[in-house]
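Here's my sequence, what's the structure:
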Amino acid sequence: MPRVQVQMLEDADAVVKAAELLRQSADAMQDRRQQAFDSGAITAPQARKNVLEENNLRIHISEMLLRAIKLVVDGAGPSQSDLEGAIEKANEEIRKIEQVRQALRIFASVLNLATAILGRDPVSIIDALSAVKKHSGAV
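As a prediction, this is how the structure comes out:
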C-alpha cells in the first residue's frame, strides 16, 4: 500500500482555500440531497443522516477558518512587537530633540544675558537672568 504524505496547512491563505473547497462540497452535498429527497430517491432518515454529515463538514470548515484566523493573528505578533519597538525608538528620538531644544533655549538666554551685561542695562540684566533661570529649570 503506497504511503500518502499529508501536508499540514500552515499558511492562512492555504487554509482558507481548502476551507472554501470544502464549503463548495458541502453546498453541492446539500443541493444533491435536496434533489434526491424531492425526487424520492432517498428517504427522510437517509436525508437526516446526510444533513448530519453535511453539518459535520461545515463544523470542520469553521474550525479551519478559525485556524486561518489564528495563523494571521500569530503572524501579526512579530509585526506588532516590531511596531512597538519602532514607536519606542521614535519616542526616544523625540526626547533627544526636546533636550536639544531645551539646550538651545538655555544657550539663547545666556547670550541675551551676556548682551545685557555688555550693555550695562540693569533691567535687561534682570530680565535675562530670569530667562536663564526659567529655561535652565533653576529654582
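
If you count neighbours, what's buried in stretch 124-139?
124-125, 128-129, 131-132, 135 (16 or more other C-beta atoms under 10 Å). Where you see a C-beta, it was placed from the backbone N, CA and C, and this is true even at glycine.

Okay, now the unreliable bits of this structure?
The model of the chain has pLDDT under 70 over residues 1-9, 76-80, 138-139.

which one in it is furthest away from the centre?
Residue farthest from the centre of the chain, counting by C-alpha atoms, centre = their mean, is Arg120 at 61.8 Å.

burial count for the nearest residue to Glu53 once chain neighbours are set aside?
Once flanking residues are discounted, Glu53 sits nearest to Met29: 7.4 Å by C-beta to C-beta, 6 or more residues apart in numbering. Neighbour count of Met29, defined by other C-beta atoms under 10 Å: 16.

Quick check: which element contains Met29?
Element membership for Met29 (DSSP states H and E) is helix 12-38.

Next, give phi and psi for the residue farthest from the centre of the chain.
Main-chain dihedrals, Arg120, degrees, to the nearest 10: phi 50, psi 40.

For the helix holding Met29, buried residues please.
Quick answer for helix 12-38 (16+ other C-beta under 10 Å): 12, 15-16, 19, 23, 26, 29, 33.
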